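1. this is a predicted model, with the sequence first.
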Amino acid sequence: MDQAWFDQWANEYDADVVESDKAGSFPFAGYLRLMNEVFEIVNATPRSKVLDLGFGTGVLTQKFYEAGHVVTGVDFSEKMCAIAGERMPGARLICADFAEGLPASLHGETFDAIVSTYAFHHIPKHKKTERMRDLLRYLTPGGVLVIGDISFASQTDHEFCEQKFSDDWDEEESYIVFDELLPEIVDLEPSFKTLSVCAGLLTIQAEKTIYRQ
């Protein structure tokens with residue numbers, strides 16, 4: 001699923017997501033619940049400075065924007081960036097691939113919350129831990145990293161979902177399996193919450209002093 005693929009999907013994306021969630025089907029079963037929980041985490045701190053990675057058409061990002069948060073977003077689909085820009089004319093939206101690292105224009109900045117929804121599975125398995133630790137460097141003291149995605153508490157849950165939705169399963173995508181990832185990030189004291197058969201929420205709270213490595 002490259003940039004051109006998402007550009008083509010942009011106009012139908014929102015409707016397709018809602019349909020999948022309502023049907024309880026892969027890959028978006030639990031989508032609305034996930035988005036609401038991410039919003040509540042961020043919205044608990046008024047006027048947060050928020051970085052949204054892989055914001056797509058801006059469904060969640062727009063909620064941050066309308067709630068008065070200071071929004072920066074990064075997404076690699078030019079078409080989706082354009083749609084989101086129409087919804088949020090005052091937001092700072094950057095068209096770039098965050099899977100390769102954050103754009104140079106963001107280096108040195110910090111955010112109260114960094115969120116990524118339904119995008120982190122595009123980062124290869126062997127790079128996920130590196131990306132998470134890198135993102136923590138961009139958090140203010142006490143800030144929060146929230147990753148809501150197709151993800152699983154255990155390999156058993158992963159295998160069950162793969163078998164249940166074998167016709168729609170994408171072998172090229174890399175989904176988080178929390179109990180396998182945990183040994184690599186246990187020092188960060190992450191938490192994981194299962195929201196549906198294929199949706200999960202990974203949260204890491206930054207230390208009160210800025211994380212650096």
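-> Thanks, I have it.

2. residue boundaries of the strands in this structure?
-> 49-53, 70-75, 92-95, 111-117, 139-152, 176-177, 191-194, 199-205 (DSSP state E).

3. which among those strands is found nearest to Pro27?
-> strand 139-152 (5.2 Å; C-beta to C-beta). C-betas here are computed from N, CA, C, even on glycine.

4. so what does the closest one touch, helix or strand wise?
-> helix 31-43, strand 111-117, helix 125-136, strand 176-177, strand 199-205 (3 or more C-beta pairs under 8 Å, 6 or more residues apart in numbering; DSSP states H and E).

5. go through the first one and flag the buried ones.
-> The neighbour-count criterion (16 or more other C-beta atoms under 10 Å) identifies 31-32, 34-35, 37-39, 41-43 as the buried residues of helix 31-43.

6. in TSV: the strands of the chain, plus mean neighbour count, mean pLDDT and distance to Gly101.
-> Below are those laid out as TSV (neighbours: other C-beta atoms under 10 Å; pLDDT from 0 to 100; distance: least, C-beta to C-beta, whole Å):
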stretch	mean neighbour count	mean pLDDT	distance to Gly101
strand 49-53	25	98	11
strand 70-75	24	96	10
strand 92-95	17	96	13
strand 111-117	24	97	13
strand 139-152	22	97	15
strand 176-177	21	98	19
strand 191-194	15	98	24
strand 199-205	21	97	18
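
7. what would these look like in JSON lines with distance to Glu19?
-> What follows is these, written out as JSON lines (distance: least, C-beta to C-beta, whole Å):
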{"stretch": "strand 49-53", "distance to Glu19": "23"}
{"stretch": "strand 70-75", "distance to Glu19": "22"}
{"stretch": "strand 92-95", "distance to Glu19": "26"}
{"stretch": "strand 111-117", "distance to Glu19": "18"}
{"stretch": "strand 139-152", "distance to Glu19": "16"}
{"stretch": "strand 176-177", "distance to Glu19": "24"}
{"stretch": "strand 191-194", "distance to Glu19": "22"}
{"stretch": "strand 199-205", "distance to Glu19": "15"}
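
8. out of those strands, nearest to Ile185?
-> strand 199-205 (7.4 Å).

9. show me what the closest one pairs with in its sheet, parallel or antiparallel.
-> Paired neighbours of strand 199-205 in the sheet (DSSP bridges): strand 139-152 (antiparallel), strand 191-194 (antiparallel).

10. give me the distance from it to the chain's centre.
-> Averaging C-alpha positions (C-alpha atoms, centre = their mean, to the nearest Å) puts strand 199-205 9 Å from its chain's average.

11. tilt between it and helix 31-43?
-> Here strand 199-205 points in a direction 10 degrees away from that of helix 31-43 (axes from the mean of the first three to the mean of the last three C-alpha atoms, to 10 degrees).

12. output the lowest mean pLDDT helix or strand found in the protein.
-> helix 3-23 (a mean of 67; mean pLDDT, DSSP states H and E).

13. and the most centrally placed residue in the chain, what is it in contact with?
-> The chain has Ser116 as the residue nearest its centroid, 1.7 Å off, counting by C-alpha atoms, centre = their mean. Ser116 makes contact with 52-54, 98, 146-149 under the criterion C-beta atoms under 8 Å, 6 or more residues apart in numbering.
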